[in-house]
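Enquirer: Sequence and computational prediction follow.
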Amino acid sequence: MNRDIRRMRPMGIADILDETVELYKTSFVLLVGIAAVVYVPYSIFERYYLTPLIGTVARPGPQNTPDLSNMFFLLGATAISYLYLMVATPFVTGAMTYAVSERFLGRRTTVLSSFKQVFSASVFGQLLLVVLLQTGALAIPMVIMGIVIFASAMAVTMSHAALYIAIPIAVVFVLGSAFAAAYLLLRLALVGCSVVVERRGIGHALSRTWTMMTGNMLKCFVLFFVAGLVTAIVSWVSTIPTQTLITTSMLRGGSASQVILIIHTIIGVISTTVLAPVMSIVTILLYYDIRIRKEGFDLELLASELDARTRQIGAFGAQPLPQEQVPAPQPTEQAPSESESSPQ
């Protein structure tokens, strides 16, 4: 059954969060199924293989120095995990965006049909470009921040008098870089939604979402902050007992038991998979909220549905309204003729 379009309305921050909880509950199996396809293998690899490998590299050797014998394997495994995420993120983001959009509009979809929307090379390439742009928006200011901090530290070592100049400059650049990264990420927050929902290319999506986010930056920041904070707290609370045991074993120069690693992996897989849809739901709801406010998307959808109903009625023939229905004439009893009525 389609969503009652009359219920679609501009939403505030509290309304979007309430709708996020509702969509999450009603579409739990669908959304978690999409997330599980990508995040279950990654979480198993990260928590069961990488975590003990880090402890092996950091464990002191015979001369009380770090044991670097497994450094090559650690770097290779880390590179593989990041490469996997780089390729898998467009798939899961696109499928999740499509599924949330369909469920918000009251339509039915499945895990397989959601992934089919991203299997085409054009859509996947555009979503991969979106991931690269968002990564660059975060990485470039961070690189600038690191260069400024390093240059400030070098200046201070050369001259103590430069301390009073280098520190204020470093603080300004650090804050400016952090602000620039946050600004670009918020401006690009809805590009993926536009690519998946509108299918008009990455150029159109960039210019369109840049305009859509005008006047909605603070709202987007609050929503992302709340959603990110809740998911981070839930994930941290669920894994902190086993993570503490693993870290304690590493600090003592040993390694955690297989039982602890397996429990930690299972908890991590469940928490990552279950929490993955939250940010996608918040993002797509913000996307539709802005379209309703700025473009009257609810009225456009209503007109489209009414037009579809009109076409359907026209195809099967228009039915008269009750007041237009004229009863069919009833047959009247004819009077007998003279030949029939006269006696024989």
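Expert: Sure, I can see it.
Enquirer: can you give me the helices for the stretch 101-250 of the chain?
Expert: Assigned by DSSP state H, counting those that start in this stretch, the helices in the stretch 101-250 of the chain fall at 111-116, 121-158, 163-187, 191-198, 202-212, 217-251.
Enquirer: Looking at the ones you listed, spot the one closest to Ala35.
Expert: Ranking the helices of the stretch 101-250 of the chain by distance to Ala35, with C-beta to C-beta as the measure, places helix 111-116 first at 9.8 Å. Glycine gets a C-beta too; all of them are placed from N, C-alpha and C.
Enquirer: what comes up buried for that closest one?
Expert: The neighbour-count criterion (16 or more other C-beta atoms under 10 Å) identifies Val111, Ser114, Phe115 as the buried residues of helix 111-116.
Enquirer: counting contacts, what elements does it pack onto?
Expert: When contacts are defined as 3 or more C-beta pairs under 8 Å, 6 or more residues apart in numbering; DSSP states H and E, helix 111-116 sits against helix 28-44, helix 71-104.
Enquirer: for the first one, packing partners?
Expert: Packing contacts for helix 28-44, counted by 3+ C-beta pairs under 8 Å, 6+ apart, involve helix 71-104, helix 111-116, helix 258-295.
Enquirer: Just the buried residues of the longest one, please?
Expert: Spelled out, that is helix 258-295. Of all the residues in helix 258-295, those buried under the rule 16+ other C-beta under 10 Å are 260-261, 263-265, 267-293.
Enquirer: Can you tell me, leaving aside adjacent residues, what's nearest to the residue nearest to the spatial centre of the chain?
Expert: Centroid-nearest residue in the chain: Ser280, 2.3 Å away (criterion: C-alpha atoms, centre = their mean). Counting by C-beta to C-beta, 6 or more residues apart in numbering, Ser280 lies nearest to Met96, which is 4.1 Å off, once chain neighbours are set aside.
Enquirer: which residues sit in contact with that neighbour?
Expert: Going by C-beta atoms under 8 Å, 6 or more residues apart in numbering, Met96 touches Leu31, Ile34, Ala35, Ser114, Ala276, Pro277, Ser280.
Enquirer: Which pLDDT value goes with His264?
Expert: Among the per-residue scores, His264 shows a pLDDT of 85.
Enquirer: Also Leu50?
Expert: 73.
Enquirer: Measure how buried the closest residue to it other than its chain neighbours is and give me the count.
Expert: By the measure of C-beta to C-beta, 6+ apart, the closest residue to Leu50 outside its immediate chain neighbours is Ala77, 5.8 Å from it. Applying the criterion other C-beta atoms under 10 Å, we find 17 residues in the vicinity of Ala77.
Enquirer: Ala77 against Tyr49, yeah?
Expert: Yes - Ala77 sits in contact with Tyr49 when judged by C-beta atoms under 8 Å, with a separation of 6.5 Å.
Enquirer: returning to what we had before: shouldn't the residue nearest to the centre of the chain be in contact with Gly94?
Expert: No - assessed by C-beta under 8 Å, Ser280 is found out of contact with Gly94, at 10.0 Å.
Enquirer: Tell me the buried residues in stretch 126-134?
Expert: Of the residues in stretch 126-134, those buried under the neighbour-count criterion (16+ other C-beta under 10 Å) are Gln126, Leu127, Leu128, Leu129, Val130, Val131, Leu133, Gln134.
Enquirer: Go through those and name the one nearest Ile13.
Expert: Minimum distance to Ile13 across those is 22.5 Å, recorded for Gln134 (C-beta to C-beta).
Enquirer: got a list of what that closest one touches?
Expert: Counting by C-beta under 8 Å, 6+ apart, Gln134 makes contact with Leu185, Leu188.
Enquirer: Report the separation between Ala170 and Phe150.
Expert: Taking C-beta to C-beta, to the nearest Å as the criterion, Ala170 is separated from Phe150 by 10 Å.
Enquirer: Looking at these two now, which is surrounded by more residues?
Expert: When neighbours are counted by other C-beta under 10 Å, Ala170 and Phe150 differ, and Ala170 comes out ahead with 19 against 11.
Enquirer: before we move on, back to that, tell me the pLDDT of the residue nearest to Ser280.
Expert: The predicted local distance difference test score for Met96 is 92.
Enquirer: now Asp15
Expert: According to the per-residue confidence, Asp15 scores 92 in pLDDT.
Enquirer: Next, the contact list for the nearest residue to Ala137 once chain neighbours are set aside, please.
Expert: Distances taken as C-beta to C-beta, 6+ apart place Leu184 nearest to Ala137, at 3.7 Å, with adjacent residues excluded. Shown in contact with Leu184 (C-beta under 8 Å, 6+ apart): Ala137, Leu138, Pro141.
Enquirer: Kindly report the same for Ile167.
Expert: Contact analysis of Ile167 by C-beta under 8 Å, 6+ apart lists Ser152.
Enquirer: Okay, it and Val195: tell me how far apart.
Expert: 43 Å.
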